[in-house]
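Novice: Here is the input, now give the coordinates:
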Amino acid sequence: MNLRQLSQFVAVAEELHFGRAADRLGMTQPPLSQSIQALEEELGVALFARTRRSVALTAVGAEWLPHVRQVLEGAASLPETARRLARGQLGSLRLAFVSIAAYSILPELISSFKAAFPAVDVSLREATSDVQIEALLAGEIDAGLIIPQTGLQAGLAYRPLLREPLVAAVPQDWVESGRIDCADGRLVFGEVLGEPLILFPRQSAPAFHDIVTSFYALNRAEPAIVQEAIQMQTIIALVAVGLGLALVPRSLMALQRDGVRYLPLAGEAPEIETGLVWRRRDPLPTVAHLVEMAGE
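Specialist: Residues are numbered from 1 along each chain as shown. As a prediction, the model looks like this:
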C-alpha cells in the first residue's frame, strides 16, 4: 500500500465511477481497477460494492475514507514541515538551567523565545553545571544555562550572558539581635568571617565554590562550612532557620523568604557569571535561535 493507491481510493470514493476517477487521475480505467483490487486484497477488506451499473462504498470503505484523507493531508504537509524544522520554527528545545538562572535570565529568555517560536516544544530541566555538561555530551539536552567551569570540553561552545555581584543572605535574627552590624544596609564582610557558612559543594559548582572560598582567602580567613547544598532554594531555607549565612548572586534577592535578610557587601564584592552552553557541532536550528536571542 502506498500514497498513490490511497489517492486512487479517494478519487473512486468521491466519484463512485471508475471511468470518471481514471480521467481525474490522468490514467486509464483498467490499471485503476487493478490497483483498487490489489489494495482490497492486501487489506483483506472489500472497500467498494460493484455491479455492472454502479459503484458504492461498503460500510467499511465509507468509515475508512476520512482516515485516508487525513493521511494524505499529513503527507502533503511533510515538505513544509521539513522546511519549518530546518528554519527552527518547529521542533523541540531541551534546556537545562542552574537554580540561580531561574531568578535572573531564564524567565525573560524563555518568554522571548516562546513569543518568537510558539510552535517549538520547550522542555526545562533544573540541574547543576556539572550534570548539564555530562547531559550535553550524552545528547540528553540541547543547551544549558551554567556557571562556567575552567577547561570546558572542546566540543562545547559557551557564551557569557550575565555577571552579577554576590550579596550576603543572613538570618534575620542575626540582624535583629545585633549579632552583625549593618546600620547602613551593607555588611562589612570582616564581621562574619567566623560565622557558619552554607555553600555549594565544589563538585557540583566548582567555579561558584572557588569564588566564595577565594573571597575568604582574600580576607585571610578559612570559611567555616557548616552545610553544603546543591540548590539555591535549599540554601536560602537553611539560612532562614538560622543555620548560617550564604553568599548568593544578587538576583536571588527576588527569592523572598521569612527569616532571611539580603545585605550587599561593603567594598568590592566578588562576581558570579552565568552563561549559555551548547554543542558546537551541528546545533539544532532551535538552539541557533536560542543562542542568537540570548546574545541579544
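
Novice: Tell me where the model's unsure across the stretch 101-250 of the chain.
Specialist: Within the stretch 101-250 of the chain, no stretch falls below the threshold (pLDDT under 70).

Novice: Now do the helices in it.
Specialist: 106-116, 129-137, 172-176, 206-218, 232-240 (DSSP state H, counting those that start in this stretch).

Novice: Tell me how far G88 lies from D142.
Specialist: Distance of G88 to D142, computed by CB to CB, to the nearest Å: 11 Å. For glycine as for every other residue, the C-beta is placed from the backbone atoms N, C-alpha and C.

Novice: Could you name every residue contacting both of these two?
Specialist: Among the neighbours of G88, those also in contact with D142 (CB atoms under 8 Å, 6 or more residues apart in numbering) are 284, 286.

Novice: that older thread, can you list the helices of the stretch 101-250 of the chain in TSV and add mean neighbour count?
Specialist: Conversion of those to TSV gives the following (neighbours: other CB atoms under 10 Å):
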stretch	mean neighbour count
helix 106-116	14
helix 129-137	19
helix 172-176	14
helix 206-218	17
helix 232-240	20
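
Novice: Save those helices as a markdown table, and put in distance to A154 too.
Specialist: Written out in a markdown table, the entries for the helices of the stretch 101-250 of the chain read as follows (distance: least, CB to CB, whole Å):
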| stretch | distance to A154 |
| --- | --- |
| helix 106-116 | 26 |
| helix 129-137 | 11 |
| helix 172-176 | 46 |
| helix 206-218 | 19 |
| helix 232-240 | 30 |
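
Novice: now for those, which one comes closest to R280?
Specialist: In terms of CB to CB, the element of those nearest to R280 is helix 129-137, at 10.3 Å.

Novice: Give me the most central residue, this structure.
Specialist: The structure's the chain has its C-alpha centroid closest to L95; by CA atoms, centre = their mean the separation is 2.8 Å.

Novice: Surely that residue touches R125?
Specialist: Yes. With contacts defined as CB atoms under 8 Å, L95 counts as touching R125 at a distance of 7.3 Å.

Novice: Touching both of the two, which residues are there?
Specialist: In contact with both L95 and R125: I141, using CB under 8 Å, 6+ apart.

Novice: From E271, how far off is L16?
Specialist: For L16, the distance to E271 equals 76 Å [CB to CB].

Novice: got it, and L78?
Specialist: The gap separating L78 from E271 is 49 Å, by CB to CB.

Novice: same thing with Q34?
Specialist: 77 Å.

Novice: Also G190?
Specialist: Look at G190 and E271: by CB to CB, they are 19 Å apart.

Novice: List the contacts of the residue nearest to the centre of the chain.
Specialist: Residues in contact with L95, defined by CB under 8 Å, 6+ apart, are 110, 122-125, 141-145, 290.

Novice: likewise R87?
Specialist: Contact analysis of R87 by CB under 8 Å, 6+ apart lists P285.

Novice: Looking at this protein, which helix is longest?
Specialist: The helix spanning the most residues in the chain, taking DSSP state H as the definition, is helix 59-86.

Novice: which of the residues in that helix are buried?
Specialist: Along helix 59-86, the positions that meet the burial threshold by neighbour count (16 or more other CB atoms under 10 Å) are 61, 64-65, 68, 84-85.
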